[in-house]
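Colleague: missing the sequence, but the structure's below:
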């Protein structure tokens, strides 16, 4: 079974590399690694992670960290791309995102996901709702203008919605 695995910090150094060596996975990523964590981690491993998954959404953009990880040649994936547990409704109800959505004929969720993609951040939004699933994959028939990208960047509140 080849794929990508995400391991926590405790077993990242040995378990991640062993799984790759054993052919159980082709590549692996890590989660909740910021500048210090990734800089401390890389010299300790033979195989750098292919992906770092961090909380990223318009209210918590962490641009400095994302740029640092991307400069290292590591992909960044948004965890909680739509704001996270208990915060999605407030984010998607943001009037600015709603206005931008109307301009493109898209939902606020599509605007957020497209903004993340245009920032070079991978997104895998979760949903069990078939309509939301269709909406979440309909991101490739439009592109946000530079002005709209800057407007959304202005929504940053450094508002982390999880415990770490």
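Modeller: That came through fine. All values derive from a computational prediction rather than experimental measurement.
Colleague: hmm, residue 78 is touching residue 60, no?
Modeller: No - if you go by C-beta atoms under 8 Å, residue 78 and residue 60 don't touch, sitting 9.8 Å apart. (Glycine included, C-beta is placed from N, CA and C.)
Colleague: more crowded one of these two?
Modeller: Between residue 78 and residue 60, counted using other C-beta atoms under 10 Å, the more crowded position is residue 78 (25 against 21).
Colleague: bridged to that one, which residues?
Modeller: Beta-bridge partners for residue 78, by DSSP bridges, are residue 54, residue 123.
Colleague: what pLDDT does it get?
Modeller: With respect to pLDDT, residue 78 scores 95.
Colleague: also residue 22?
Modeller: 87.
Colleague: distance of it relative to residue 14?
Modeller: 12 Å (C-beta to C-beta, to the nearest Å).
Colleague: more neighbours, these two?
Modeller: The neighbour count for residue 22 versus residue 14, taken as other C-beta under 10 Å, is higher for residue 14 (11 against 8).
Colleague: tell me the secondary structure for the more buried one?
Modeller: Classification of residue 14 using DSSP: H, G, I helix; E, B strand; the rest coil returns helix.
Colleague: just to check, residue 101 is in contact with residue 114?
Modeller: No - in this structure, residue 101 is not within contact of residue 114 by C-beta under 8 Å, at 9.9 Å.
Colleague: more crowded one of those two?
Modeller: Legend: neighbour count by other C-beta under 10 Å for residue 101 and residue 114, higher for residue 114 (25 against 19).
Colleague: can you tell me the SS state at the closest residue to residue 19 other than its chain neighbours?
Modeller: Distance criterion C-beta to C-beta, 6 or more residues apart in numbering; nearest residue to residue 19, sequence neighbours excluded, is residue 25 at 4.9 Å. Secondary structure for residue 25, judged by three-state DSSP, is coil.
Colleague: where's residue 25 relative to residue 53, distance?
Modeller: Distance from residue 25 to residue 53, by C-beta to C-beta: 15 Å.
Colleague: neighbour count: those two, which is higher?
Modeller: residue 53 (20 against 17).
Colleague: what sits against the residue most central in space within the chain?
Modeller: Taking C-alpha atoms, centre = their mean, the centroid of the chain lies closest to residue 78, which sits 1.0 Å from it. Residue 78 is in contact with 53, 54, 55, 56, 57, 116, 121, 122, 123, counting by C-beta atoms under 8 Å, 6 or more residues apart in numbering.
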